[in-house]
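[1] Coordinates only, no sequence provided:
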DNA sequence: AATAAAAACGAACGATCGTTCTTTTTCATG
DNA sequence: CATGAAAAAGAACGATCGTTCGTTTTTATT
């Protein structure tokens, strides 16, 4: 009887997941070998396979963490007086992510189209995000703070398309300048949401 | 002396490239084997390697064709009276592409970040597209048909981000409805370009 | 038709990959 | 401290991949 404590177990599995994430982001899922991950995590194959029983389950694990990450970020989003400002801040936050996380999103998205297991998880992540924005936009609409011409479902879909465009472009184009495109894209989003002007404050 | 005619040579290399494209789109670059491509093209490995000396050069070949394809589509774009309509038509055209081509774009984009050779070609494709829209928008601006608040470079960048968002989402989300998001996204693009209203015709 | 070179074939090679398995080390417990 | 099971190690396995190469087939030319 010499079982490691659950905390230690979790800690080590997280450590391996981190290493795998760095490797996947660096070289892509199919180009990184299990040996690469072992080297990066400084563990042996035997040890790694105690925590994850296949290469595939490493991607799945990364997916799950990504969902948790977004959930916490979105929960912290202040939807107070200036929601466009909050949206801008959220966008900035994502665009300031280390390159490694962004490449990972793309990598996972691709893998999801071909790997049913990853696809399932990814779909639930997408659903969660879509739901979060859907709730936010409907709330803003019922409160009369936005007056979109299209229905909420459509607005959410278009919004997510624009957001994904940033994600993709930032991951793929080395010359991408986040601070250049963010303002015009926020303008574009504003055209979708059509925030209703309140009585001027200044 | 039994050399095949250049036309035949080109024909067969195109045939192989088509098959490779289908395979890459179906399973991704790293998951398709040379045997897969041989089977799809109905040629032997020995024959394939006469036309392409590596798996990598197949992607490169596909890239080059993609550039030519876009060039011809853009050249055919009627930039007459109703350029927003023309833009919409171009968008619809791309979104109506067979799934296979769209997945291919994503596949190539990813590969470009890791494969210097592919990266070089992809960069030139991107440059060509960016240049095309840059020219179009500056022309529209000097003619006084649009009045963007941001400078042309920025507008082009934001526009391409939105376009890429559609490409990505359509490739990755099986429930993506092109006809649903296209109208709001065109609205968003309009907010960037700010077409100046001419005297009403109807 | 004969010919010679190009083109195509396809079995096979060497390298590499994901995974396993035997051995050794570690560590909570008696 | 002794113990035994869990955890880690890492050499090794079978499978598979991109590519090659010796042979056969095709084809433009004489």
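    Ah, there it is. Quantities reported herein were computed from a predicted structural model and do not represent experimental measurements.

[2] Skipping its backbone neighbours, what lies nearest residue A:140 in space?
    On the basis of CB to CB, 6 or more residues apart in numbering or on different chains, the spatially nearest residue to residue A:140 that is not a chain neighbour turns out to be residue A:146, at 4.6 Å. C-betas here are computed from N, CA, C, even on glycine.

[3] Identify the residues contacting that neighbour.
    Contact analysis of residue A:146 by CB atoms under 8 Å, 6 or more residues apart in numbering or on different chains lists A:137, A:140, A:193, A:194, A:195, A:196.

[4] what do you get for residue A:167?
    Residue A:167 touches A:94, A:102, A:105, A:106, B:168, counting by CB under 8 Å, 6+ apart.

[5] What does the pLDDT read for it?
    Per-residue pLDDT puts residue A:167 at 92.

[6] That one - that's part of a helix, no?
    Yes - assessed by DSSP: H, G, I helix; E, B strand; the rest coil, residue A:167 belongs to a helix.

[7] and residue A:195, what are its phi and psi?
    phi -60, psi 140 (degrees, to the nearest 10).

[8] any idea how far residue B:45 is from the closest residue to it other than its chain neighbours?
    Residue nearest to residue A:195 in three dimensions, not counting chain neighbours: residue A:146, with 5.3 Å by CB to CB, 6+ apart. Using CB to CB, to the nearest Å, residue A:146 is found at 59 Å from residue B:45.

[9] repeat for residue A:86
    Taking CB to CB, one finds residue A:86 at 57 Å from residue B:45.

[10] And these two? Which one has more around it.
    For residue A:86 versus residue B:45, the count of surrounding residues by other CB atoms under 10 Å in any protein chain shown is larger for residue A:86: 15 against 10.

[11] now for the longest helix anywhere in chain A, which elements pack on it?
    The longest helix of chain A (DSSP state H) is helix A:116-142. Packed against helix A:116-142, as judged by 3 or more CB pairs under 8 Å, 6 or more residues apart in numbering or on different chains; DSSP states H and E, are the following elements: helix A:55-76, helix A:99-114, helix A:152-172.

[12] Please work out which residue of chain A is closest to DNA strand D.
    DNA strand D sits closest to residue A:46 of chain A, with a gap of 2.1 Å, by CB to the nearest atom of the strand.

[13] Looking at the helices and strands packed on helix A:116-142, which one is packed in the most?
    helix A:152-172 (a mean of 23; mean count of other CB atoms under 10 Å in any protein chain shown).

[14] Tell me which helix or strand the closest residue to residue A:188 other than its chain neighbours sits in.
    Excluding its sequence neighbours, the residue lying closest to residue A:188 (CB to CB, 6+ apart) is residue B:188, at 3.7 Å. Element membership for residue B:188, per DSSP states H and E: helix B:178-193.

[15] relative orientation of that helix and helix B:116-142 in degrees?
    Computed by axes from the mean of the first three to the mean of the last three CA atoms, to 10 degrees, the angle separating helix B:178-193 from helix B:116-142 equals 60 degrees.

[16] Just the angle for helix B:178-193 relative to helix A:152-172, thanks.
    70 degrees.

[17] If you count neighbours, what's buried in helix B:178-193?
    If you call a residue buried by 16 or more other CB atoms under 10 Å in any protein chain shown, then helix B:178-193 has these buried ones: B:178, B:181, B:182, B:184, B:185, B:186, B:187, B:188, B:189, B:191, B:192, B:193.

[18] so can I have JSON lines of those showing pLDDT and distance to DNA strand D?
    JSON lines is the format used below for the buried residues of helix B:178-193 (pLDDT from 0 to 100; distance: CB to the nearest atom of the strand, whole Å):
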{"residue": "B:178", "pLDDT": "90", "distance to DNA strand D": "32"}
{"residue": "B:181", "pLDDT": "96", "distance to DNA strand D": "35"}
{"residue": "B:182", "pLDDT": "96", "distance to DNA strand D": "37"}
{"residue": "B:184", "pLDDT": "98", "distance to DNA strand D": "41"}
{"residue": "B:185", "pLDDT": "97", "distance to DNA strand D": "37"}
{"residue": "B:186", "pLDDT": "96", "distance to DNA strand D": "40"}
{"residue": "B:187", "pLDDT": "96", "distance to DNA strand D": "44"}
{"residue": "B:188", "pLDDT": "97", "distance to DNA strand D": "40"}
{"residue": "B:189", "pLDDT": "97", "distance to DNA strand D": "40"}
{"residue": "B:191", "pLDDT": "97", "distance to DNA strand D": "45"}
{"residue": "B:192", "pLDDT": "97", "distance to DNA strand D": "42"}
{"residue": "B:193", "pLDDT": "97", "distance to DNA strand D": "44"}
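
[19] Many thanks, I have nothing further to ask.
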